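Asker: got a structure for you, letters missing:
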């Protein structure tokens, strides 16, 4: 493994001719690093193989084909409006609008899904609303186990329903 190379010494004195002190020469040391390099690579491969990587935090979204139209009963559609003022307004079918807080929206979605197995949630987001609110709404839909939903931008007609926010 390790080798010490020592050269044969010739006659030499510790003192130089000029009167100074001469340092003795060091012996050269050679170490065989093959075993340590092998061990390092084995450990590297071991940790690479046994490491569990974190799953990506992404939501799978199935997009319909362009031009596809599906007829659904309006009584099965829950429309959720996310306004630019961070308010949420829900409307079931053609019924009246109900203001819901962010803390209560998950329970509202769970109750609506329990009442109707064929529930489709239509989320309409104000174009000037914060992007985080749309992400929060998608997370809430996922937490409430609502799998059938659509995201749509609000039209000027929708904006006029809520006090003329334009």
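Answerer: Nice, I can see it. These numbers come from a predicted model, not from an experiment.
Asker: In this structure, what helix or strand scores lowest on average pLDDT?
Answerer: Lowest by mean pLDDT, DSSP states H and E among the helices and strands of the chain is strand 2-5, with a mean of 63.
Asker: Next, the spatially most central residue of the chain: secondary structure please.
Answerer: Centroid check for the chain by CA atoms, centre = their mean gives residue 57 as the closest residue, at 3.6 Å. Recorded secondary structure, residue 57: coil (DSSP: H, G, I helix; E, B strand; the rest coil).
Asker: Can you give me the distance of it to residue 125?
Answerer: Residue 57 sits at a distance of 21 Å from residue 125 (criterion: CB to CB, to the nearest Å). Where C-beta positions appear, they are placed from N, C-alpha and C, glycine not excepted.
Asker: remind me which residues of the chain are low pLDDT?
Answerer: In the prediction, the chain carries residues with pLDDT under 70 at positions 1-20, 59-60, 163-166.
Asker: What ranges does it have for its helices?
Answerer: Taking DSSP state H, the helices of the chain run over residues 34-50, 105-115, 131-143, 156-161.
Asker: looking at those, which is closest to residue 67?
Answerer: When these are compared by CB to CB, helix 156-161 sits nearest residue 67, at 22.7 Å.
Asker: Which among the helices of the chain is found nearest to residue 62?
Answerer: Residue 62 sits nearest to helix 131-143 of all those, at 13.6 Å, using CB to CB.
Asker: Tell me which other helices or strands that closest one touches.
Answerer: Here helix 131-143 touches strand 77-82, helix 105-115, strand 120-125, strand 149-153, going by 3 or more CB pairs under 8 Å, 6 or more residues apart in numbering; DSSP states H and E.
Asker: The second one to helix 131-143, inter-axis angle?
Answerer: Just to be clear, that refers to helix 105-115. Helix 105-115 and helix 131-143 are oriented at 40 degrees to each other (axes from the mean of the first three to the mean of the last three CA atoms, to 10 degrees).
Asker: so how far is helix 105-115 off the chain centroid?
Answerer: On the basis of CA atoms, centre = their mean, to the nearest Å, helix 105-115 is displaced by 26 Å from the centre of the chain it belongs to.
Asker: what's in contact with it?
Answerer: 78, 80, 88, 90, 92, 100, 119, 121, 137, 140-141, 143-146 (CB atoms under 8 Å, 6 or more residues apart in numbering).
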